[in-house]
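> Provide a 3D model corresponding to the input given below.
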Amino acid sequence: MVNQTNHNDESSTYHQPVMSEEVVRWLGPIADNGIVVDATFGGGGHTRSLMSNTANDIEMVVIDRDPDALANASDLGDSVTAIEGNFAQLGDMLVSQGITAVAGVLFDLGVSSHHLDVEERGFSYRRTGPLDMRMGADTDLTAAEIINDWPEDDIAQTIRSLGEEPRARRIARAIVDARPLTTTTELAAVIEVAVAGGRPDRRHPARRTFQALRMTVNDELDSIRAGLDSAIDILGPGGRCVVISYHSLEDRIVKRRFVDGATGCVCPPDLPVCVCGREPELKILTKKPKTPSADEIAQNPRARSAKLRVAERIAS
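Residues are numbered from 1 along each chain as shown. Predicted coordinates for the structure are as follows:
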């Protein structure tokens with residue numbers, strides 16, 4: 001994954017990170033305690049914001065699956081280490097650099113503005129490009145393979161479950177009838193025709209289908225689960241994990257992992273003493289997710305659906 005904002009409206013402000021003040025609020029105070037990891041570097045907006053809003057030089061590791069994104073880190077100085085890879089392997093990547101504990105980890109989930117802006121990556125339903133949607137070179141599956149080779153039932157299930165699209169069956173049938181499809185705008189046009197006459201929607205009718213394809217190609221939900229586990233494992237005592245998500249599937253995973261990490265004894269209540277030995281590893285610092293201000297949404301519409309959650313590692 002990359003430094004992300006789930007731009008369902010596809011507005012693109014590449015260097016305008018979402019909820020940057022909140023990120024600085026939660027990670028800035030612990031930056032002196034050790035390394036801070038930006039696990040979704042993308043355009044580098046959050047990293048630059050942290051570096052410019054902390055009193056002392058901050059040591060950071062930035063991670064991205066896309067080498068083009070990491071090229072943006074070349075001017076950040078010697079205090080920043082850039083690593084190409086999927087944050088699902090965050091722990092292994094850090095250990096390979098001799099890092100066994102960090103002070104903070106940031107995840108900004110979804111798809112980056114950079115990827116939307118580059119037609120050749122095939123993420124945008126408004127720009128003509130190949131049906132690719134790979135965030136990095138670490139996956140072989142493309143959107144074209146799903147669209148042109150998968151059975152209708154599998155396409156419908158993917159669009160329904162990952163895109164939360166109620167018209168998934170109608171869209172899948174239209175895709176199969178129209179294939180082969182080679183470009184993003186061809187696919188978007190097929191979807192527009194398939195849902196024509198339905199309930200009016202002020203946002204593009206292809207957005208949920210494109211989301212589902214992107215998430216499938218990049219195995220996003222499993223990567224989030226693995227990345228959160230790795231981040232929590234490598235946080236030092238008092239270290240913080242900050243996650244910005246953009247839709248319910250992502251946020252549900254984050255919430256459940258934080259709640260699970262903050263849960264202690266799970267023995268049946270009728271047992272006189274604890275026999276499971278389980279102790280909480282996290283303290284949740286945001287009882288409810290933080291959301292962008294009205295001013296930020298007005299200036300940066302892509303922030304509209306953002307939710308930010310924070311958890312802190314408890315000393316074991």
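
> and stretch 238-257, what's buried?
Buried residues in stretch 238-257, counted by 16 or more other C-beta atoms under 10 Å: 238-247, 249-251, 253-255, 257. C-beta here means a position set from N, CA and C on the backbone, and glycine is covered the same way.

> now do stretch 73-82
So, applying 16+ other C-beta under 10 Å, buried residues of stretch 73-82: 73, 76, 80-82.

> Val105 belongs to a strand?
Yes - checked against DSSP: H, G, I helix; E, B strand; the rest coil, Val105 lies within a strand.

> gap between it and Ser52?
From Val105 over to Ser52 the distance is 20 Å, taken as C-beta to C-beta, to the nearest Å.

> and these two? Which one has more around it.
Comparing Val105 with Ser52 by other C-beta atoms under 10 Å, the one with more neighbours is Val105, at 29 against 9.

> bridging residues for the more buried one?
Assessed by DSSP bridges, Val105 has beta-bridge partners Val37, Cys241.

> residue ranges with poor pLDDT in this structure?
Applying pLDDT under 70 to the chain flags the ranges 1-15, 197-201, 316.

> so what's the residue count around the closest residue to Asp32 other than its chain neighbours?
Nearest residue to Asp32, sequence neighbours excluded (C-beta to C-beta, 6 or more residues apart in numbering): Asn56, at 6.0 Å. Using other C-beta under 10 Å, the number of residues around Asn56 comes to 7.

> before we move on, what SS does Asn56 have?
Going by three-state DSSP: Asn56 is coil.

> what residues sit buried inside stretch 182-191?
So, applying 16+ other C-beta under 10 Å, buried residues of stretch 182-191: 183-188, 190-191.

> in CSV, list these along with distance to Glu165.
Output for the buried residues of stretch 182-191, formatted as CSV (distance: C-beta to C-beta, whole Å):
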residue, distance to Glu165
Thr183, 20
Thr184, 17
Thr185, 19
Glu186, 18
Leu187, 14
Ala188, 14
Val190, 14
Ile191, 9
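
> nearest to Ala315, of those residues?
Nearest to Ala315 among these is Thr184, at 48.8 Å by C-beta to C-beta.

> so what's Gly264 closest to, chain neighbours aside?
Once flanking residues are discounted, Gly264 sits nearest to Pro280: 4.7 Å by C-beta to C-beta, 6+ apart.

> distance check, the one you found against Ala315.
With C-beta to C-beta as the criterion, Pro280 and Ala315 are 11 Å apart.

> do Ala306 as well
From Ala306 to Ala315 the distance is 30 Å (C-beta to C-beta).

> okay, which residue is most central for the chain?
Leu109 (1.5 Å; C-alpha atoms, centre = their mean).

> still on that earlier bit, from the buried residues of stretch 182-191, which ones fall inside helices?
Per DSSP state H, helices hold the following members of those: 184-188, 190-191.

> dump these to TSV, plus distance to Ala174.
Output for these, formatted as TSV (distance: C-beta to C-beta, whole Å):
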residue	distance to Ala174
Thr184	16
Thr185	15
Glu186	12
Leu187	10
Ala188	12
Val190	5
Ile191	7
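
> using the three-state scheme, assign the residue of the chain most remote from its centre.
Within the chain, Pro272 marks the point farthest from the mean C-alpha position, 42.7 Å out by C-alpha atoms, centre = their mean. Assigned by three-state DSSP, the conformation of Pro272 is coil.

> distance of it relative to Gly264?
To Gly264, Pro272 is 16 Å away according to C-beta to C-beta.

> same check, this time on Ala69
According to C-beta to C-beta, Ala69 and Gly264 sit 39 Å apart.

> pick out whichever of these two has more residues nearby.
Per other C-beta under 10 Å, whichever of Ala69 and Gly264 has more neighbours is Ala69, with 25 against 12.
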